[in-house]
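K.L.:
Here is my input, please return the structure:
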Amino acid sequence: MTDAIVAFIIAVLSGMGIGSGGFLVIYLTLAEGMPQLAAQGINLLFFLFSSAASLFLHMRKRRLFGGAILAMSAMGVLGSPLGSLAAAVLPSGVLRKLFGGMLILSGMLALRKSVLADKKREKI
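P.N.:
Down below sits the predicted model:
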């Protein structure tokens, strides 16, 4: 039951545009004791369904840009095999540290963007 509640909360956060994949991986590894690689695999499956729902809504509202879709698709095609290889070769502890570092960096960049936007609004 707890897992269903957590999945629902993470799905809501994802729908709001919050990078919820980090929350799911953290929950699965810390609360459920799941190995990092397995948690990331479940996160990818979760991401496919939430992304499909978002894609459908954006297509309906015509908010998609062809150039951006092509660029992101190309990066995904190139990055997927490299990420898969790295996950197979690197020890779980290293994966945890890399994932944690990515979350921290992502949070810092989002905070910086928010602060800069606030400063810009104050000048107006």
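K.L.:
When you work out contacts or count neighbours from here on, use the C-alpha atoms and nothing else.
P.N.:
Fine.
K.L.:
Could you list the buried residues of the helix or strand containing Leu116?
P.N.:
Assessed by DSSP states H and E, Leu116 sits inside helix 92-123. The neighbour-count check on helix 92-123 (16 or more other Cα atoms under 10 Å) flags Leu95, Arg96, Phe99, Leu103 as buried.
K.L.:
which residue ranges form the helices in the chain?
P.N.:
Using DSSP state H, the helices of the chain run over 2-15, 21-26, 36-60, 66-89, 92-123.
K.L.:
Pipe these into CSV and attach mean pLDDT per row.
P.N.:
What follows is these, written out as CSV (pLDDT from 0 to 100):
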stretch, mean pLDDT
helix 2-15, 80
helix 21-26, 80
helix 36-60, 82
helix 66-89, 88
helix 92-123, 88
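K.L.:
So what angle separates the directions of the helix holding Leu116 and helix 36-60?
P.N.:
Orientation check (axes from the mean of the first three to the mean of the last three Cα atoms, to 10 degrees): helix 92-123 against helix 36-60 gives 40 degrees.
K.L.:
angle of helix 92-123 against helix 66-89?
P.N.:
Using the same axes, to 10 degrees: helix 92-123 against helix 66-89 is 150 degrees.
K.L.:
Run through the neighbouring helices and strands of helix 92-123.
P.N.:
Helices and strands touching helix 92-123, as assessed by 3 or more Cα pairs under 8 Å, 6 or more residues apart in numbering; DSSP states H and E, comprise helix 36-60.
K.L.:
ok, and for the helix it packs on, which residues are buried?
P.N.:
For helix 36-60, a neighbour-count test (16+ other Cα under 10 Å) marks Gln36, Leu37, Ala39, Gln40, Asn43, Phe46, Phe47 as buried.
K.L.:
Next: stretch 71-88.
P.N.:
For stretch 71-88, using 16+ other Cα under 10 Å, the buried residues are Ala87.
K.L.:
All set now, cheers.
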